[in-house]
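J.: Return atomic coordinates for the entry below.
(chains A and B)
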There are 2 protein chains.
Amino acid sequence: MSRIAEAVAALLAHFGARVSTSAHIRDQHGRGESWHPSAPPDAVVFAESTEDVAEAVKICAAHTVPIIAFGAGTSLEGQVNAVQGGVCIDLSRMTKVLAVHAPDLDCIIEAGVRRNQLNAHLRDQGLFFPVDPGADCTIGGMVATRASGTNAVRYGTMRESVLGLTMVLPDGSVIKTGGRARKSAAGYDLTRLFIGSEGTLGIVTEITLRLAAIPEAIAAATVSFPSVDDAVNTVIEVIQSAIPVARIELMDDVSVAAVNAFSKLSLPVQPTLFLEFHGSSVSVKDNAATVGELAKARGGSGFQWADQAEDRSKLWEARHKAYYASLAMRPNSKGLATDVCVPISRLAECIAETKADLAKASMPAPILGHVGDGNFHVVLVLDPDKPEELHEAEALHDRMVERAQSMGGTCTGEHGIGLGKIAHLKREAGDGVALMQRIKQAIDPAGIMNPGKMF
Amino acid sequence: MSRIAEAVAALLAHFGARVSTSAHIRDQHGRGESWHPSAPPDAVVFAESTEDVAEAVKICAAHTVPIIAFGAGTSLEGQVNAVQGGVCIDLSRMTKVLAVHAPDLDCIIEAGVRRNQLNAHLRDQGLFFPVDPGADCTIGGMVATRASGTNAVRYGTMRESVLGLTMVLPDGSVIKTGGRARKSAAGYDLTRLFIGSEGTLGIVTEITLRLAAIPEAIAAATVSFPSVDDAVNTVIEVIQSAIPVARIELMDDVSVAAVNAFSKLSLPVQPTLFLEFHGSSVSVKDNAATVGELAKARGGSGFQWADQAEDRSKLWEARHKAYYASLAMRPNSKGLATDVCVPISRLAECIAETKADLAKASMPAPILGHVGDGNFHVVLVLDPDKPEELHEAEALHDRMVERAQSMGGTCTGEHGIGLGKIAHLKREAGDGVALMQRIKQAIDPAGIMNPGKMF
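T.: All right, here's what the predicted structure looks like:
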């Protein structure tokens, strides 16, 4: 029997019906939401507890077979694709909210909890979890990719939002990192080492999260600009004025058209900023007025305020679905989503050069982004059956990354490295990659945790 | 010749007069500002560049001798004490501000820059670096201990304030981590791994820092309370109301008396909160009014507003010198500064139990802290020549740490582990310590970087 067959037999003996080798289930676990070709695992284990994950990892380790963690399958860089086969550990049944400490603004959850589930759970207590990628992903997946989203400009990313983790290491042992204190100087920051490690160092099973109080007042608005440049320069001025904006998001005209069509909005088809302010009624009014003036000075017009909660929900839901709206521009398409992030002073230039490069593109290429952080995406909407399109998209992506890196930026603000950015990481981190690999080797000497990713 | 003698000879050959083996210089480098007995290194090298540090490390590595980095010598847990001898690399001459990118709110500095120097440099550009421990330490040292201070409740700690590092690794190679983008999901978070590693993984020589814009309006106040409990409960309510206070600091009556005497203030000798608000004039006024109401409801009285910049400076300088004020309560004393940090809902209870325990103490024990973060210090002001006092102080400290850890807190919010909290780290991080040691072994296999610390 092969190693993998032995491992699957041992998993079946332990987990029974919670192990599947059906083609259907394996296919479902072979890819995320990106263009990367599906690579199904040999088997899928549905874990229901940290102990389950630990046991599954021990069995896989004993047979030296690859282990891939799986949450909601929403990753954008092929992180879940089982490129070397092996066993997928599905954590989507681990959906317990274990504790909410409202007075401390923190909670402890299992890794399979999704962000919408969590926010629904928290709402009655006047709390929310601010990190919000487009997809309704699992929080465990968000830890693994160091995710962020529209609120990061005010509330930070997963890097700032996790207080502690329960991790299953590659030998099946379990450790807890961090704690519930807001800050700590106790030893190496294992929590931050695991955040963004994309399943290559272990599997996160429980997470202690920082939460935020739902603010007394919230105001959201959209505002249209004559050009992307004007919109971006407004953002730069807002950030440099230290106005505590909660969200400041850009869509170019192509994105706006896609979102209008997909989410039944009727925004002017122009470069648009989506804004939100959080605070006391007084400070929200004050901040909104200041930003309004900055926007007007740059030609911003057609302010549409969403004062009601349901209007705001509709607006932000449309924003969150922008990736799906982009794909809907073209039937049977897949997306190659770029994710560069640059110092904000270079943002206008970086976007302008990118737009010029995209002018020649043969496929739709909407631009949108978390511009308050200097982060923007181009969704290259390609036909996966046409290799020349993928080739073209990758060339555009490469130039975009080189451009961002030459400006002191990064190849990925929030999607991670996965399969798609291995070369980009090398260029960006230089000799740091060798150090990362030494750490990988120290923690996962057999190289069984999500092999083929990141390096 | 011994290994150390060979290393010193090689250092002298390379660095000439910038190497010292004089007793006076070695003594200056054998301790920080805590009670830990001095442990002078065998030699001190004054580095003036990353290349200098790399060369010194290479020489030490070739002879397998311990390497201890030294900045301003203000550490509180014996981090700089050369307990196994070896070579101290002094970075205090590396004081260049290499770049300030005002539009991006970041700067690049050498590790020997001190926080007051940096803030003086930045002021004209409307910027400041918010992380502010009591001492005028080097920023490199602040990276090494994951420092924080009074502004952390609003602006975060060193964990949130560093964008990238230049590190000299234990073999003398140089890597750059991070970059200038606000966020990144590119590979393992080496930056955060080095922050708080206390010189045990390498030496930081250059730092890219996030800065903040000096706010349009600043308001500071002190307010006195009938009891520590009332003051702490006010803090809890402020934090839970999500009021964006910039600073919210507690001093008990003993601290206030010490600070009054040391800094020539005349605050009422009662438990006191030091507050500061940053923002637009409107929001500062609004936030201050809300906090004022919360404080009054808890018996807060005698609001003293420091409206002028010089009054605020005086106030915060007094706060920053509180450790020295504590030591000045008793001639020829040394301090054992505790540093626990707990979830804020447990803070009142943790401080109350600690006060009860301290009631029996034979030495002065002022309490003060960054209560918005749940972090507080007791300065146990002891006579270093009386072993029984050290014994008593350590027992008090142990109980305090156990209390905090049992509440989900940490043994150190900002001072680090060093020599003083090795056992506490073990209890807190459990099997995580073994993982930290595996990482240490992978990066520093010869164990030459600051040996005897943390583990």
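J.: ok, the closest residue in space to A:R182 that isn't next to it in sequence - contacts?
T.: Setting aside the residues directly before and after it, A:R182 is nearest to B:D373 in space (Cβ to Cβ, 6 or more residues apart in numbering or on different chains), at 4.6 Å. Using the backbone N, CA and C atoms, a C-beta is placed for each residue, glycine as well. Residues in contact with B:D373, defined by Cβ atoms under 8 Å, 6 or more residues apart in numbering or on different chains, are A:181-183, B:148, B:152-153, B:341, B:344, B:413.
J.: what bridges to A:V44?
T.: A:S20, A:C88 (DSSP bridges).
J.: surely it meets A:S20?
T.: Yes. Using Cβ atoms under 8 Å, A:V44 makes contact with A:S20 at a distance of 4.9 Å.
J.: okay, the two: which has more neighbours?
T.: Neighbour totals were compared for A:V44 and A:S20, and A:V44 leads with 24 against 20 (other Cβ atoms under 10 Å in any protein chain shown).
J.: quick one: that one and chain B, what's the gap?
T.: Going from A:V44 to chain B by Cβ to the nearest Cβ, to the nearest Å gives 26 Å.
J.: Can you check the pLDDT for that residue?
T.: Looking at A:V44, its pLDDT reads 98.
J.: How about the residues of the stretch 251-400 of chain A by chain B?
T.: By the rule Cβ under 8 Å from any Cβ of the partner chain, the part of the stretch 251-400 of chain A lying against chain B is A:279-280, A:282-283, A:286-287, A:290, A:339, A:341-345, A:373-375.
J.: After the lengthiest helix in chain A, heading C-terminal, what element do we hit next?
T.: For chain A, the longest helix by residue count, based on DSSP state H, is helix A:387-406. Next helix or strand after helix A:387-406 toward the C-terminus (DSSP states H and E): helix A:422-429.
J.: Name all residues that sit in contact with A:V44 and A:S20 at the same time.
T.: A:R26.
J.: Strands of the stretch 101-250 of chain A, start to end?
T.: For the stretch 101-250 of chain A, the strands defined by DSSP state E, counting those that start in this stretch occupy A:106-110, A:127-128, A:162-168, A:174-178, A:203-210, A:212-213, A:217-224, A:245-251.
J.: Note down every partner strand of the helix or strand bottoming out on mean pLDDT in chain A and its orientation.
T.: For chain A, counting by mean pLDDT, DSSP states H and E, strand A:301-306 ranks last in confidence among helices and strands (a mean of 89). Take DSSP bridges as the rule and strand A:301-306 pairs in its sheet with strand A:217-224 (antiparallel).
J.: And the residue nearest the centre of chain A?
T.: Nearest to the mean C-alpha position of chain A, counting by Cα atoms, centre = their mean, stands A:A147 at 3.6 Å.
J.: show me where the stretch 101-250 of chain A has helices.
T.: A:115-123, A:139-145, A:152-155, A:158-161, A:190-194, A:228-240 (DSSP state H, counting those that start in this stretch).
J.: Can you tell me which of those helices is most buried?
T.: helix A:139-145 (a mean of 30; mean count of other Cβ atoms under 10 Å in any protein chain shown).
J.: how far away is the residue in chain A sticking out farthest from the centre from A:I67?
T.: In chain A, the residue that sits farthest from the middle, by Cα atoms, centre = their mean, is A:M1; the gap is 39.0 Å. Note on A:M1: its distance to A:I67, by Cβ to Cβ, to the nearest Å, is 19 Å.
J.: centre of the chain versus stretch A:123-140, how much separation?
T.: 12 Å (Cα atoms, centre = their mean, to the nearest Å).
J.: my bad, should have said stretch A:416-434
T.: For stretch A:416-434, the distance to the chain centre is 17 Å (Cα atoms, centre = their mean).
J.: for the longest helix of chain A, which positions count as buried?
T.: Under the neighbour-count criterion of 16 or more other Cβ atoms under 10 Å in any protein chain shown, helix A:387-406 has A:389-390, A:392-393, A:396-397, A:400-401, A:403-405 buried.
J.: try stretch A:411-427
T.: Buried residues in stretch A:411-427 (16+ other Cβ under 10 Å): A:411-422, A:424-426.
J.: Pull the CA coordinates from it and hand them back as CSV.
T.: Extracted in CSV, the C-alpha atoms of stretch A:411-427 (Å, rounded to 0.1, in the frame of the first residue of the first chain):
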residue,chain,number,x,y,z
CYS,A,411,3.2,42.1,-4.1
THR,A,412,0.3,41.3,-1.7
GLY,A,413,-1.6,43.4,0.8
GLU,A,414,-4.0,40.7,1.9
HIS,A,415,-4.4,37.7,-0.4
GLY,A,416,-1.1,35.9,0.4
ILE,A,417,1.5,34.2,-1.7
GLY,A,418,0.0,30.7,-2.3
LEU,A,419,0.9,29.3,-5.7
GLY,A,420,0.6,32.6,-7.6
LYS,A,421,3.3,34.8,-6.1
ILE,A,422,6.2,32.6,-5.2
ALA,A,423,8.6,34.4,-7.6
HIS,A,424,7.2,37.8,-6.4
LEU,A,425,8.0,36.9,-2.7
LYS,A,426,11.5,36.0,-3.7
ARG,A,427,12.1,39.3,-5.4
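J.: what is the rounded mean pLDDT of that stretch?
T.: pLDDT averaged over stretch A:411-427 gives 97.
J.: same check, this time on stretch A:346-362
T.: pLDDT averaged over stretch A:346-362 gives 95.
J.: which residues are contacting it?
T.: Against stretch A:346-362 from outside (Cβ under 8 Å, 6+ apart): A:228-229, A:232-233, A:235-236, A:252, A:340, A:342, A:365, A:367, A:371, A:374, A:376, A:378, A:380, A:389, A:392, A:396, A:399-400, A:403-404, A:407-409.
J.: Let me see the domain layout of chain A.
T.: By the assignment in automatic domain parsing, chain A contains the domains A:3-90, A:97-213, A:217-324, A:331-415.
J.: For these, state which one has the densest average packing.
T.: domain A:97-213 (a mean of 23).
J.: Please state the offset of it from the chain centre?
T.: 13 Å.
J.: For the stretch 51-200 of chain A, which residues are neighbours of chain B?
T.: Residues of the stretch 51-200 of chain A lying near chain B (Cβ under 8 Å from any Cβ): A:101, A:103-106, A:145-148, A:152, A:156-157, A:159-160, A:169, A:173-177, A:179-190, A:192-193, A:195-197.
J.: If we use 6 Å, what do you get?
T.: Contacts of the stretch 51-200 of chain A with chain B, taken as Cβ under 6 Å from any Cβ of the partner chain, map to A:103-104, A:145-146, A:148, A:157, A:160, A:175, A:177, A:179-190, A:192-193, A:196-197.
J.: Quick check: closest non-adjacent residue to A:S255.
T.: A:P366 (3.9 Å).
J.: Tell me the pLDDT of the one you found.
T.: For A:P366, pLDDT reads 97.
J.: just A:V401 next, same as before
T.: pLDDT at A:V401 comes out at 98.
J.: That one and B:P40, how far apart?
T.: Separation of A:V401 from B:P40 (Cβ to Cβ) stands at 49 Å.
J.: got it, and A:E389?
T.: To B:P40, A:E389 is 67 Å away according to Cβ to Cβ.
J.: and if you look at A:A348?
T.: 54 Å.
J.: Just confirm A:A99 is within a helix.
T.: No. Counting by DSSP: H, G, I helix; E, B strand; the rest coil, A:A99 falls outside a helix, being strand.
J.: For A:G279, which non-adjacent residue is closest in space?
T.: A:P215 (5.5 Å).
J.: Check A:A257 too.
T.: That would be A:V269: by Cβ to Cβ, 6+ apart, it lies 5.0 Å from A:A257.
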